[in-house]
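*Asks:* Quick one, fold the following:
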Amino acid sequence: MSLGAHLVELRKRLMYAALALVVGMVVAFIIADPVIHLITEPIRIIMEKRGDNFSALNFGTVTSAFDMRMRIAFSIGLFISAPIWLWQIWAFIMPGLTRKEIQYTVGFILAAVPLFFAGCYLGIVIMPHVIELMWGFTPEGGTNFYQAQEYYDFVFKLMIVIGISFVLPVFLVALNFAGVMSGRAIIKGWRIAIIVATVFAALATPAADVISMLMLAGILIVLFFAAAGLSLLFDRRKRKRAAAAGLLPDAV
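*Replies:* As a prediction, the model looks like this:
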């Protein structure tokens with residue numbers, strides 16, 4: 001295809017992806033109320049514990065409520081329409097890939113997407129405990145009026161950060177496939193990986209919530225060792241193929 005034909009194809013794919021996103025946002029806007037109810041559950045728990053109505057989600061401007069719904073609609077719409085816009089991206093780049101590259105890419109997506117959503121789900125599970133613990137530091141006589149935009153940003157960023165952290169081991173395996181890092185090099189960094197996972201878990205969860213911190217750190221460490229184990233297995237298979245082809249004296 002010529003450059004012009006590629007640009008026309010890209011425009012078509014982007015239009016389909018944008019249309020899918022808009023449809024997803026419309027659906028998400030309609031179901032925004034249950035989502036708001038879910039993420040504000042910690043505030044209602046705090047109200048029950050205090051025995052008053054001095055804790056609430058605060059909409060400080062005329063458009064704050066609408067802005068929050070639009071943020072929720074965009075975020076959920078992006079997830080709902082993911083199969084379509086991911087397919088449009090894939091359909092555009094696939095003709096330029098070799099069969100092996102296609103297999104690697106499909107394997108990466110099949111591993112990364114479920115892990116990302118698992119991380120987002122864990123973020124939702126941890127979120128109420130985080131908010132309740134932070135509320136515990138409110139001094140006697142203080143009130144908790146949570147600004148809607150800041151509250152939503154906190155919840156969304158917590159989900160995204162934990163979701164991305166779950167995908168990082170997949171990138172390690174991808175680097176091993178690309179020949180950038182060997183399995184031995186990955187496993188040698190296990191001490192650093194444990195420290196990084198623990199520090200990340202400590203930053204992503206409140207200092208007082210030790211259980212959530214250990215749970216998150218434990219999952220990240222298990223994922224790291226799983227990625228290292230897969231990389232060692234792939235390296236072994238590569239050496240065996242190289243030995244069979246006469247490129248190495250023996251298969252290790």
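*Asks:* those helices in this structure, which residues are they?
*Replies:* 3-30, 32-39, 41-50, 64-80, 82-93, 99-135, 148-177, 183-188, 190-204, 210-244 (DSSP state H).
*Asks:* Need the winner for burial among these.
*Replies:* helix 148-177 (a mean of 19; mean count of other Cβ atoms under 10 Å). From N, CA and C alone the C-beta is placed, and that goes for glycine too.
*Asks:* and the angle for it with helix 99-135?
*Replies:* 140 degrees (axes from the mean of the first three to the mean of the last three Cα atoms, to 10 degrees).
*Asks:* Could you list the low-pLDDT ranges of the stretch 51-200 of the chain?
*Replies:* Along the stretch 51-200 of the chain, the parts satisfying pLDDT under 70 run over 51-54, 96-97, 101.
*Asks:* how much space between the nearest residue to Val35 once chain neighbours are set aside and Ala18?
*Replies:* Spatial nearest neighbour of Val35, chain neighbours left out: Ile72 (5.4 Å); criterion: Cβ to Cβ, 6 or more residues apart in numbering. Separation of Ile72 from Ala18 (Cβ to Cβ, to the nearest Å) stands at 19 Å.
*Asks:* Then Val130?
*Replies:* Counting by Cβ to Cβ, the gap from Val130 to Ala18 is 34 Å.
*Asks:* Please apply the same query to Asn58.
*Replies:* As for Asn58, its distance to Ala18 is 33 Å (criterion: Cβ to Cβ).
*Asks:* what's the answer for Gly77, then?
*Replies:* 11 Å.
*Asks:* Noted, bye for now.
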